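> Predicted structure and sequence below. I'll ask about it afterward.
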Amino acid sequence: MSSTSRSLRSEAEHSYDSALWFDAESVAGVRYAIARLTFGRRLELARRIREIGRKAEFLAAGTDAREKLEAAVVGAEVDRAYLEWGLLTVEGLTIDGEPATPQAVVDKGPLELATEILGRVKAECGLSEAERKN
């Protein structure tokens, strides 16, 4: 009697890494990992930025200079949420004499590095270039 089904052991195992590693372009010798977008992480991110995003849209529609300034601040809060959500680890960097953590990179790390990582995180989320700039 022959069987047409494959043995489970003969099936190739699939491997999935939940993080993507990059060598920093803005700071030599530094590498970092960002989270890959998954169903659960997409939901988590959406919850984080939903309210911030609504406020940003409302303020951006205003004509008052104060509203425009506040919209810029809120936009930066959205970027911070992306960074905190997406940056998992950093290697090869110290900040104030301590090994860099993701939170330290966000709070007091090199701006160029944070901007680079933010672009990678937004790209992983599938945002277009125009959406990434906002």
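Yes, it's here. Numbers count the residues shown, from 1 in each chain.
> For the helix or strand encompassing residue 20, buried residues please.
In this assignment (DSSP states H and E), residue 20 forms part of strand 19-23. For strand 19-23, the neighbour count (16 or more other C-beta atoms under 10 Å) marks residue 20 as buried. Glycine gets a C-beta too; all of them are placed from N, C-alpha and C.
> Name the residues that touch the following helix or strand past that strand?
Using DSSP H and E, the helix or strand that follows strand 19-23 in sequence is strand 31-35. The contact list for strand 31-35 (C-beta atoms under 8 Å, 6 or more residues apart in numbering) reads 18-24, 41, 85-92, 105, 113, 117, 120-121, 124.
> Partner strands of strand 31-35 and their direction?
strand 19-23 (antiparallel), strand 87-91 (antiparallel) (DSSP bridges).
> Dump the ones you listed to JSON lines, plus mean pLDDT and distance to residue 37.
Converted to JSON lines, these look like this (pLDDT from 0 to 100; distance: least, C-beta to C-beta, whole Å):
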{"stretch": "strand 19-23", "mean pLDDT": "97", "distance to residue 37": "10"}
{"stretch": "strand 87-91", "mean pLDDT": "97", "distance to residue 37": "13"}
